[in-house]
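# give me a 3D structure for the following:
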Amino acid sequence: MAEARVIPLHGADREAARRRRGADRAPGPVPVPEPAASDPASEAAAERASEVAPEPASAEEPAGWERRLAELLAFARRRVQGDYEVDEFGFDPDLTDHVLMPPLKPLYEKWFRVETIGMHNVPGEGGALIVANHSGTLPLDATMTAYAVRADHPKRRHLRMLGADLVFKTPVLGALARKSGQTLACNPDAERLLRSGELVGVWPEGFKGIGKPFKDRYKLQRFGRGGFVSAALNTGVPIIPCSIVGAEEIYPKIGDIKALARLFGFPYFPVTPFFPFLGPLGAIPLPSKWYIEFGEPIRTDVYGEHAADDPMLVFNLTDQVRETIQQTLYRLLTQRRNVFLG
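Reported below is the predicted structural model:
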């Protein structure tokens, strides 16, 4: 068996993303005028003026605040005037970009310090299916992946996530999920999104993945019956395996209060070292260091029109995606020096 290629955790994709964000904020290059002929009298006057002239005030911070204020006012005006679009699934990109995404930025950049690897494997246009491992007791890994694609991808794409029934049955959360582009994890919805050229994300482990005990961290659970593979085969889009390291440690699940889970209709009621013993403080996630790696796309357009009707092909592709993610997780873990420092 060929030896796995080792990719440094601190990859070029993250550096490129930092440079892009810096380029968005930094002013353009200032042209340097040609030096004029030397004039002793002018030089002396300029030197005296520099001694008494005050330092110019920095306009960068006010300009930043002014720009953000202008964006918020423009957003408010669009909402009042109804000048925004919502697609057939309820996705509101204007609300997502200006209200739902910004609070995730400090969590992504400062708290979890997410680094992305292999972002070039995510296509800039057309449909594609991102398949990732699920963990962390609460599904923050899904929101961080969506933010990564929106913030770090050169085309700033939106990730349309497929969610469980419970998400859309929960008051307020269900409405926000719809507005942020999520939809029910079922093949008809997934295929409609993929055929329309959207980037779709799925976490096939479901609640078995995010609710597993801490002792089983980074051990993938079953990927179901391969419904996501059928959707990809029917639409001919590539499957992109995605491996997330760091999410397992944000809420170490050491127990489950089944009575409370049944009472509230949850699949589990987690017990962590800090929750529920510390109350709301126990709900603060631990600041683990995250890595999100997007693997090489697996083509599905080479299998023919009715490939999704072949159960062995669906099983083999499902197993290939799962094994790719599992081996990538192991590799990332061997390269990680510390849970919190990376």
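
# tally of neighbours for Pro270?
Look at Pro270: counted by other Cβ atoms under 10 Å, it has 22 neighbours. Every C-beta, even on glycine, is put in place using the N, C-alpha and C of the backbone.

# with Glu198 instead?
Glu198: 23 neighbours (other Cβ under 10 Å).

# make sure it is actually in contact with Gly127.
Yes: with contact defined as Cβ atoms under 8 Å, Glu198 reaches Gly127; the gap is 6.0 Å.

# so which bits of the longest helix seen in the chain are buried?
As assigned by DSSP state H, the longest helix anywhere in the chain is helix 311-335. By neighbour count on 16 or more other Cβ atoms under 10 Å, the buried set for helix 311-335 is 313-314, 317-318, 321-322, 324-326, 328-329, 331-332.

# give me phi/psi at the residue nearest to the spatial centre of the chain?
In the chain, the centroid-proximal residue (Cα atoms, centre = their mean) is Thr145; its distance is 1.9 Å. The phi/psi pair for Thr145 (degrees, to the nearest 10) reads phi -70, psi -40.

# isn't it up against Ala247?
No: if you go by Cβ under 8 Å, Thr145 and Ala247 don't touch, sitting 9.5 Å apart.

# so how far is Gln221 from Trp333?
Careful, residue 333 is Leu and not Trp. The gap separating Leu333 from Gln221 is 17 Å, by Cβ to Cβ, to the nearest Å.

# so Pro285: helix, strand or coil?
Judged by DSSP: H, G, I helix; E, B strand; the rest coil, the three-state class of Pro285 is coil.

# begin at 55, not 1, for the rest of this chat.
Taking 55 as the first residue, the last one we looked at is Pro339.

# now for it: which residues touch it?
Counting by Cβ atoms under 8 Å, 6 or more residues apart in numbering, Pro339 touches 165, 190, 192, 194, 304-305.

# if we can go back for a sec, any idea which of the buried residues of helix 365-389 is closest to Asp219?
Thr372 (21.6 Å; Cβ to Cβ).

# excluding covalently adjacent residues, which one is nearest to that closest one?
Gly280 (3.8 Å; Cβ to Cβ, 6 or more residues apart in numbering).

# contacts only, for that neighbour.
368-369, 371-372.

# report the rounded mean pLDDT for stretch 361-381.
Averaging pLDDT along stretch 361-381 gives 96.

# kindly export that stretch (C-alpha atoms) in CSV.
What follows is stretch 361-381, C-alpha atoms only, in CSV (Å, rounded to 0.1, in the frame of the first residue of the first chain):
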residue,chain,number,x,y,z
ALA,A,361,-25.7,4.3,-11.6
ALA,A,362,-27.6,5.2,-8.4
ASP,A,363,-29.7,2.0,-9.0
ASP,A,364,-26.7,-0.2,-8.4
PRO,A,365,-26.6,-0.9,-4.6
MET,A,366,-23.0,-2.3,-4.8
LEU,A,367,-21.7,0.9,-6.4
VAL,A,368,-23.5,3.0,-3.9
PHE,A,369,-22.1,0.9,-1.0
ASN,A,370,-18.5,1.0,-2.5
LEU,A,371,-18.5,4.8,-3.0
THR,A,372,-20.0,5.3,0.5
ASP,A,373,-17.2,3.2,2.0
GLN,A,374,-14.6,5.0,-0.1
VAL,A,375,-15.7,8.4,1.2
ARG,A,376,-15.9,7.2,4.8
GLU,A,377,-12.5,5.6,4.6
THR,A,378,-10.9,8.7,3.1
ILE,A,379,-12.3,10.9,5.9
GLN,A,380,-11.2,8.4,8.6
GLN,A,381,-7.6,8.1,7.3
